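# Structure for this input, please:
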Amino acid sequence: MSGDTPTSQSTSLGYMRRSPAGLLLTALTLLAAFIWFFPVYWAIVTSLRTDQATVKEFGLWPSDPTVENFVFAIVNSRLPTWYFNSTVTSVGTTVLVVLMSACTGYAISQLRFPGRLV
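Below you'll find the predicted structure:
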């Protein structure tokens with residue numbers, strides 16, 4: 001059974017025709033996104049500054065960015081060991097979960113229960 005579906009005009013609302021509630025919701029969403037993103041941005045910018053520049057200068061971008069802090073963290077800590085341990089744990093857990101899920105899926109596929117063929 002087929003039929004013709006009548007075409008209709010698009011009813012998209014442009015920015016000029018939005019309701020005040022929609023504009024308020026958009027503004028609140030943008031404010032929440034800014035509140036979430038700004039600390040992340042500030043942490044990245046601060047990590048690119050030297051210790052002296054962190055205390056002395058204030059700005060949205062460091063005047064002389066450096067990766068000295070990252071090198072210091074990698075060389076003077078056990079950060080590579082921690083990353084390796086996390087990777088081994090994550091990969092091992094993922095492999096175990098995939099194997100267990102495959103075995104469970106196979107076992108469930110072999111069971112006979114009401115509604116199985118639905």
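# which residues in the protein form helices?
20-47, 51-56, 68-75, 79-110 (DSSP state H).
# Which one, of these, ends up nearest to T7?
T7 lies closest to helix 20-47 among these, at 26.9 Å (C-beta to C-beta). All C-beta atoms are positioned from the backbone trio N, CA, C, and that covers glycine.
# The closest one to helix 68-75, inter-axis angle?
Here the directions of helix 20-47 and helix 68-75 differ by 70 degrees (axes from the mean of the first three to the mean of the last three C-alpha atoms, to 10 degrees).
# can you list the domains in the chain?
The record, using automatic domain parsing to delimit domains, assigns the chain the ranges 20-77, 78-113.
# Adding distance to T5, write the ones you listed out as CSV.
Output for the domains of the chain, formatted as CSV (distance: least, C-beta to C-beta, whole Å):
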stretch, distance to T5
domain 20-77, 29
domain 78-113, 40
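# In terms of mean pLDDT, which of those domains ranks lowest?
Lowest mean pLDDT within these: domain 20-77, a mean of 92.
# Quick one: end-to-end distance for it.
Using C-alpha to C-alpha, to the nearest Å, the span of domain 20-77 from its first residue to its last is 53 Å.
# Can you report how many residues lie near the residue nearest to S63 when sequence neighbours are not counted?
By the measure of C-beta to C-beta, 6 or more residues apart in numbering, the closest residue to S63 outside its immediate chain neighbours is E57, 6.3 Å from it. The number of residues packed near E57 is 12, by other C-beta atoms under 10 Å.
# likewise A73?
Residue neighbour count, defined by other C-beta under 10 Å, stands at 11 for A73.
# and what of P6?
Summarising burial for P6: neighbours were counted as other C-beta under 10 Å, giving 5.
# Let me know which of the helices of the chain is the nearest to P6.
In terms of C-beta to C-beta, the element of these nearest to P6 is helix 20-47, at 28.8 Å.
# buried stuff in that closest one?
Judged by neighbour count using 16 or more other C-beta atoms under 10 Å, the buried positions of helix 20-47 are S47.
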